[in-house]
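Visitor: What follows is a predicted protein model with its sequence.
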Amino acid sequence: MTHGLAFLLSMLVEGAVGALLGACLRERFNLSRLGASVRAGAAAVIGTGATHPALWVGFPGLMAWTGTWRSAAAFCVAGLSLVETLFYAAALRGCWRWSLVLSTSANLLSFGIGMLLVSWLPKAP
């Protein structure tokens, strides 16, 4: 999977998950369904847009440091979730705990869907 395709997939999945969870948790944020959905979806897309390029730059070094792809991927998902929590908290009026839940959920689902799609793609010769 190319970086561009992975970036697009991440933005689509995380934006949709953020918007859906934002709408479901609207009462926690004291916002309307549409307001919570738009804010959470925008935070997901902006956060992913800010963190994904840094992931590409830092992943090879992190993989060398940890020694395995899986360890590096686990560190990346955890780090991305923490950084993207800032974007959610800014959009959702400082609800830090729920922002962390939204960010972690969106990142884990995006990672899982990406791994599933990669397993279905044909291997390069």
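Guide: Cool, got the structure.
Visitor: Tell me which helix or strand in the protein has the weakest average pLDDT.
Guide: helix 26-29 (a mean of 86; mean pLDDT, DSSP states H and E).
Visitor: All the helices of this protein, residue numbers only.
Guide: Along the chain, the stretches classed as helices by DSSP state H are 3-24, 26-29, 33-66, 69-91, 96-120.
Visitor: chain center to the fourth one: distance?
Guide: Centroid separation for helix 69-91 versus its chain: 7 Å, with Cα atoms, centre = their mean, to the nearest Å.
Visitor: other SSEs contacting that helix?
Guide: helix 33-66, helix 96-120 (3 or more Cβ pairs under 8 Å, 6 or more residues apart in numbering; DSSP states H and E). (Each C-beta comes from the backbone N, C-alpha and C, glycine too.)
Visitor: Would you mind listing where the chain has pLDDT under the threshold?
Guide: 1, 124-125 (pLDDT under 70).
Visitor: switch the cut-off to 90
Guide: For the chain, applying pLDDT under 90 flags the ranges 1-7, 9, 25-31, 53-56, 70, 92-95, 114-115, 117-125.
Visitor: can you tell me which residues contact the residue nearest the centre of the chain?
Guide: The centre of the chain sits closest to residue 107, judged by Cα atoms, centre = their mean, with a distance of 3.4 Å. For residue 107, the contact set (Cβ atoms under 8 Å, 6 or more residues apart in numbering) comprises 14, 77, 80-81, 84.
Visitor: ok, the residue lying closest to residue 58 once chain neighbours are set aside - contacts?
Guide: Ranked by Cβ to Cβ, 6 or more residues apart in numbering and with sequence neighbours excluded, the top spatial neighbour of residue 58 is residue 76, at 7.9 Å. By Cβ under 8 Å, 6+ apart, the contact list for residue 76 reads 55, 58-59, 62.
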